[in-house]
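A.B. asks: Would you be able to build a 3D model of this:
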Amino acid sequence: FSEAEQRLAREPPPSPLSGIGQRESYLLYHEELESLVKHIPTIKRARFWMTFSESYLTHLQVLQNVGLTSIEPIEYEGHQIVPLQFLKAVLPAPSSLGENYEGQTSIGCHIRGIKDGKPKTYYIYNNCDHAKAYQEVGAQAVAYTTGVPAMLGAMLVLTGEWQGEGVFNVEQLNPDPFLAKLGTYGLPWHESINNSEEFGD
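C.D. replies: Got it, this is the predicted structure:
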């Protein structure tokens, strides 16, 4: 997608987020789309959705409009500064904001295809509570849902359950030991099978 297409790709979400409800979702580029279609070539369509509040988008639009998201250096009082780096310097550190986060993340995959000659839909997801994550590790749920899978991946390599030489994307590796441990480290997952409500087109 071009930047303009990303901004305009605002659609109703493909389904309500389980346990969270309906949210306005935005179709975005994300790097795993490239590796998934490479390593699972039978995929006919892969899309990545993310939700943002209107407040978040308004703030981002204002910052963009006044040039503070630019990575092009500008002259300021005899010095070259990069607006985005300046913005990072004046905003609070993200780690300092975790204590006040509320709500949940919802990360999942909606899959639709043919299994044993019959149409099948499958939805696997995890919801993670910001406040509970902060109580446990002093970070909000976005950091929690990033850190736990990375830790588990390292553990599976160290224990020999994931093996191989070189660099791998996770979809190239056996998901079973990963999913077996994920819930015990604070990210329980749930699944919904052949529930057509999850796949409104």
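A.B. asks: quick one: pLDDT of the residue in the chain sticking out farthest from the centre?
C.D. replies: Distance from the centre of the chain peaks at residue 78, with 40.1 Å (CA atoms, centre = their mean). At residue 78, the pLDDT value in this model is 95.
A.B. asks: Quick check: the gap between it and residue 32.
C.D. replies: Note on residue 78: its distance to residue 32, by CB to CB, to the nearest Å, is 44 Å. Quick note: C-beta positions are derived from backbone N, CA and C, even for glycine.
A.B. asks: what about the strands in this structure?
C.D. replies: Counting by DSSP state E, the segments of the chain that form strands are 10-11, 25-28, 48-51, 74-76, 79-81, 104-115, 118-129, 190-193.
A.B. asks: what inclination does the longest helix along the chain have with respect to strand 104-115?
C.D. replies: Among the elements of the chain assigned as helix by DSSP state H, the one spanning the most residues is helix 141-158. Between helix 141-158 and strand 104-115, the angle comes out at 50 degrees (axes from the mean of the first three to the mean of the last three CA atoms, to 10 degrees).
A.B. asks: can you start the count at 40 instead of 1 from here on
C.D. replies: Yes, from this point I'll number from 40; that puts the last item at helix 180-197.
A.B. asks: buried sites along helix 180-197?
C.D. replies: 180-184, 187-188, 191, 195 (16 or more other CB atoms under 10 Å).
A.B. asks: of all these, which comes closest to residue 143?
C.D. replies: Ranked by distance to residue 143 (CB to CB), these are led by residue 180 at 6.7 Å.
A.B. asks: The closest one is in contact with residue 141, isn't it?
C.D. replies: No. In this structure residue 180 lies outside contact range of residue 141 using CB atoms under 8 Å: 10.2 Å.
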